[in-house]
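Enquirer: sequence below, structure please.
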Amino acid sequence: MKNRRPFTTSTDGGVSLHGLVDLPESASAPSPVVVLCHGFKGFMEWGFFPYLAELLAARGFIAVRFNFSGSGMLPGEERVADLEAFRANSFSADLADLLVVLDSLEEITDGRGDLSRLGLMGHSRGGGIALLAAAREEWMTRVSALVTWASIGTCERFSEAQRQTWRQQGVLKVVNGRTGQELPMGLELLDDMENHGGRLDLEQAARRRRAPWLLVHGEDDETVPAKEARQLSSAATDPSQLEIIESGNHTFGSQHPFSGPSRPLIETMNHTQKWFRRFLGT
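Expert: Residues are numbered from 1 along each chain as shown. All right, here's what the predicted structure looks like:
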């Protein structure tokens with residue numbers, strides 16, 4: 001896509017965050033901005049993300065996506081390149097990365113973004129991170145629309161037996177089903193889950209956030225059960241809307257590499273672009 005360009009920004013610790021911006025073909029005035037957040041073991045070029053970014057740009061939005069530093073992924077790569085970054089990642093680190101990107105949007109969009117019309121979208125764990133950002137005091141009134149796909153409903157993702165093994169060994173390994181790569185998770189993530197003091201409470205964030213929120217979830221989600229979406233929706237203050245996609249799995253029928261949109265993904269994207277157009281305008 002000719003109106004797609006890369007960007008790099010840095011965290012306070014000097015870690016580089018790599019991203020891509022999809023721009024509308026033509027815009028006579030600053031355009032609304034939507035920031036996209038990938039999930040666990042995901043990356044900004046995974047599956048539906050390029051397709052979604054193109055769709056949003058075609059509808060007049062500036063679509064900003066990036067790799068969380070803890071993903072260990074580099075632009076254009078298909079496997080985790082930095083296993084140490086993946087090992088040291090945490091929910092709080094992902095949230096800090098997103099806040100850096102939000103703070104850098106004027107530079108990232110070269111001044112072409114209308115930051116008074118700002119949207120957030122996240123998939124899976126990225127949905128939880130987007131929700132936490134929207135509930136932050138400094139962003140609560142600055143995020144104008146929020147959409148989550150298959151979002152986690154809690155950051156408590158592991159059993160007591162897994163946690164005991166994790167503590168004993170200092171690491172818990174997970175396998176990337178797509179690549180077969182064994183990926184280590186360090187104690188930083190476990191400590192984050194156990195000692196967050198409410199900072200990672202997603203139901204609390206659902207009550208705090210003010211942005212109009214669309215929750216989309218597949219009825220057949222095998223990774224994050226649809227009951228988590230229903231729990232978040234029950235906790236959410238208005239305005240919010242829950243859409244359950246019939247026959248939708250965790251990725252709404254998508255795989256990587258992307259082979260085209262499935263019916264559940266088309267339905268999900270239609271809900272999404274209509275929500276952003278309703279609350280951000282184009």
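
Enquirer: show me what the lengthiest helix in the chain is packed against.
Expert: Identified as the longest helix of the chain according to DSSP state H is helix 263-280. On a contact count with 3 or more CB pairs under 8 Å, 6 or more residues apart in numbering; DSSP states H and E, helix 263-280 meets strand 31-37, helix 48-58, strand 113-123, strand 145-149, strand 213-218, strand 240-245. Heads up, the C-betas are built off the backbone N, CA and C, glycines and all.

Enquirer: return the most buried member of these.
Expert: Mean neighbour count, computed with mean count of other CB atoms under 10 Å, is highest for strand 145-149 among the helices and strands packed on helix 263-280, reaching a mean of 29.

Enquirer: thinking again about what came up before, what about the helices and strands packed on helix 263-280, which gets the closest to Trp275?
Expert: strand 213-218 (4.4 Å; CB to CB).

Enquirer: quick check: mean pLDDT of the closest one?
Expert: Strand 213-218 shows a mean pLDDT of 99.

Enquirer: CA atoms of it as CSV?
Expert: What follows is strand 213-218, C-alpha atoms only, in CSV (Å, rounded to 0.1, in the frame of the first residue of the first chain):
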residue,chain,number,x,y,z
TRP,A,213,-17.0,0.7,23.8
LEU,A,214,-17.8,-2.0,21.3
LEU,A,215,-17.0,-5.5,22.5
VAL,A,216,-16.8,-8.2,19.8
HIS,A,217,-16.4,-11.8,20.6
GLY,A,218,-16.7,-15.1,18.8
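
Enquirer: off-centre distance for the helix or strand just after that strand?
Expert: Per DSSP states H and E, the first helix or strand lying C-terminal to strand 213-218 is helix 226-235. In this view, helix 226-235 has its centroid 17 Å away from the chain centroid, taken as CA atoms, centre = their mean, to the nearest Å.

Enquirer: equivalent analysis for stretch 45-52, please.
Expert: Worked out by CA atoms, centre = their mean, stretch 45-52 lies 12 Å from the chain centre.

Enquirer: model confidence over it, on average?
Expert: Rounded mean pLDDT across stretch 45-52 is 98.

Enquirer: brilliant, that's me finished.
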